[in-house]
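[1] Below are the sequence and a predicted model; questions follow.
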Amino acid sequence: MVRGKTQMRRIENPTSRLVTFSKRRNGLLKKAFELSVLCDAEVALIIFSSRGKLYDFASASMQSTIERYRMHTKDSPNGNNTVEKNKQQLKNEAAAMMKKIETIEVSKRKLLGEGLGSCSMEDLKQVEQQLERSISKVRARKTEVFKQQIEHFKEKEKSLVAEKAKLCEKFGVQPLQTLNNERPKLPYTDSDPSSDVETELFIGLPTERRQKNLSSQK
């Protein structure tokens, strides 16, 4: 029979709670003893029941183990010194992060054209170069987007043309030709009357021009 998974919460039934405590306590004491023997470890275990009864196990003297624990936590770098060290490290990281954020904000204002009064010539050159690089990237991206849109419209045009051809074939309709293809091309000849245009220019009085015309007709 498979045992169900035990839920980690207080057992409400007093009898069941007492039985479970007894079993788990004995198992824990056994594990502590096995750990001390197999691994040659100094183990001390203290258990108080819900009624205040004490159960303990010590591979050596319980008092000596407790004193050893106190001395270790007092002098160990993992004690209060470690906590203070971690706090200081967190403070330093927070200060560095705030400084980095402030630097980014100053750089942002410069790129927006604000706060340039205290900038040197070298700083202004750097801001100008950064803006030029940014503009170059924006233009490159803009060109790429235009190309993508053109390719999309071309593909859409091809799809519409293919769909139009299918519909014409389905209903037996002749596709309309373009206006340029239907318009006949007339041959051009030098004898075209419309091309014979007199372009002679005469400068002078009206009487002299009339006499010249009469002489040319004779």
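    Perfect, I can see it now.
[2] which other helices and strands contact whichever strand or helix holds Met97?
    Met97 is part of helix 80-111 when elements are defined by DSSP states H and E. Under the contact definition 3 or more C-beta pairs under 8 Å, 6 or more residues apart in numbering; DSSP states H and E, helix 80-111 sits against helix 121-171. (Each C-beta comes from the backbone N, C-alpha and C, glycine too.)
[3] Run the angle between the helix it packs on and helix 80-111 for me.
    Helix 121-171 and helix 80-111 are oriented at 80 degrees to each other (axes from the mean of the first three to the mean of the last three C-alpha atoms, to 10 degrees).
[4] Now do helix 121-171: distance to the chain's middle.
    Distance of helix 121-171 from its chain centroid, counting by C-alpha atoms, centre = their mean, to the nearest Å, is 21 Å.
[5] again, but for stretch 105-114
    Taking C-alpha atoms, centre = their mean, one finds the center of stretch 105-114 at 23 Å from the center of the full chain.
[6] and that stretch, which residues are buried?
    Lys110 (16 or more other C-beta atoms under 10 Å).
[7] please begin residue numbering at 12 from this point
    In the new count, where the first residue is 12, that last one comes out as stretch 116-125.
[8] So what touches it?
    For stretch 116-125, the external contacting residues (C-beta atoms under 8 Å, 6 or more residues apart in numbering) are 126-127, 130, 134, 138, 141-142, 145.
[9] Dump those residues into a markdown table; add pLDDT as well.
    Listed next are the contacts of stretch 116-125 as a markdown table, based on pLDDT from 0 to 100:
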| residue | pLDDT |
| --- | --- |
| Gly126 | 80 |
| Leu127 | 84 |
| Cys130 | 82 |
| Asp134 | 84 |
| Val138 | 85 |
| Gln141 | 86 |
| Leu142 | 88 |
| Ser145 | 89 |
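[10] What is the nearest of those to Arg81?
    The closest of the contacts of stretch 116-125 to Arg81 turns out to be Gly126 (C-beta to C-beta; 58.0 Å).
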